[in-house]
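Novice: I'd like to go over a predicted model; first the sequence, then the structure.
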Amino acid sequence: AQKITQTQPGMFVQEKEAVTLDCTYDTSDPSYGLFWYKQPSSGEMIFLIYQGSYDQQNATEGRYSLNFQKARKSANLVISASQLGDSAMYFCALQPRGKLIFGQGTTLQVKP
Amino acid sequence: DVKVTQSSRYLVKRTGEKVFLECVQDMDHENMFWYRQDPGLGLRLIYFSYDVKMKEKGDIPEGYSVSREKKERFSLILESASTNQTSMYLCASSLEGRISGNTIYFGEGSWLTVV
């Protein structure tokens, strides 16, 4: 069975500091993708970053990086230099063979 | 501009009513998904479809059915709406096979209240 878990319901970070959002997963499929999405209060889903299971290097996209530890089955999102506009819900997602499943989400609040 | 369009943004329905939520994509995508989103539970997959007339159950299919008669349209049906189906419903679509995250597209969501 496939499963994805986000254990932090809510997080606070000071503006300009870095923050790590945790995500662990479980799948028996050797080939899979891992995603992070941001959902602001408006409700839209914004793609942040993608990591393929066979990618040798950790993915990075601007201020976002994905700390991929395959043996530990974790795919943590690191946001550097937090901004007020980063306050939102963040979802980790797993895609083995087409099916796309999401974690419970982490609410991030950035303090000025 | 690519798009996933959900027919209704806000709906209020009565218990026992049959409810249709429509989703249309204009990108010729093979895969389409229906999720519901509830506080503390994240997005939970209800059904997905990988081709016309093909469907697979997700994690919470009970009380729902789906229809995909045309490639661009994926409908979610609540045969007899109940109050515990009050939620936000999200539709998404993607190309077939292994893809990167930025080729999964989401609709704006449909807020359903069952009274």
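Specialist: It's in. Note that the structure is predicted; figures quoted are calculated from it, not measured.

Novice: ok, the residue nearest to residue A:18 when sequence neighbours are not counted - contacts?
Specialist: Distances taken as C-beta to C-beta, 6 or more residues apart in numbering or on different chains put residue A:80 closest to residue A:18, at 4.8 Å, once the chain neighbours are dropped. All C-beta atoms are positioned from the backbone trio N, CA, C, and that covers glycine. Residues near residue A:80 by C-beta atoms under 8 Å, 6 or more residues apart in numbering or on different chains: A:18, A:63, A:65.

Novice: ends of stretch B:48-59, how far apart?
Specialist: 10 Å (C-alpha to C-alpha, to the nearest Å).

Novice: so what touches that stretch?
Specialist: A:98-101, B:30-35, B:44-47, B:66, B:68-71, B:74, B:96.

Novice: what do you get if the cut-off is 7 Å, keeping everything else the same?
Specialist: With contacts defined as C-beta atoms under 7 Å, 6 or more residues apart in numbering or on different chains, stretch B:48-59 is touched by A:98-99, B:30-33, B:44-47, B:66, B:68, B:70-71, B:74, B:96.

Novice: just give me the closest of those to residue A:111.
Specialist: Using C-beta to C-beta, residue B:44 is the member of the contacts of stretch B:48-59 that lies nearest residue A:111, at 30.7 Å.

Novice: sorry, back to before: so which of the contacts of residue A:80 sit within strands?
Specialist: Counted as lying in strands by DSSP state E, out of those, are residue A:65.

Novice: now for the lowest-mean-pLDDT helix or strand in chain B, which elements pack on it?
Specialist: Across the helices and strands of chain B, mean pLDDT, DSSP states H and E gives its lowest value to strand B:104-106, namely a mean of 86. Helices and strands touching strand B:104-106, by 3 or more C-beta pairs under 7 Å, 6 or more residues apart in numbering or on different chains; DSSP states H and E, are strand B:87-94.

Novice: I'd like to know how far the residue most central in space within chain B sits from residue B:90.
Specialist: Centroid-nearest residue in chain B: residue B:34, 2.7 Å away (criterion: C-alpha atoms, centre = their mean). To residue B:90, residue B:34 is 8 Å away according to C-beta to C-beta, to the nearest Å.

Novice: just residue A:17 next, same as before
Specialist: The value you get for residue A:17 to residue B:90, if C-beta to C-beta is used, is 31 Å.

Novice: circling back to that earlier point, next SSE downstream of the least confident helix or strand of chain B?
Specialist: Remark: after strand B:104-106, the chain's next helix or strand is strand B:110-114, criterion DSSP states H and E.

Novice: neighbouring strands for that following strand, and are they parallel or not?
Specialist: Here strand B:110-114 is paired, per DSSP bridges, with strand B:10-13 (parallel), strand B:87-94 (antiparallel).

Novice: hmm, back to that, of the contacts of residue A:80 - the most surrounded one?
Specialist: Using other C-beta atoms under 10 Å in any protein chain shown as the neighbour criterion, residue A:65 leads the contacts of residue A:80 with 19 neighbours.

Novice: return the set of residues that bridge with that one.
Specialist: Bridge pairing for residue A:65 - DSSP bridges - gives residue A:60, residue A:78.
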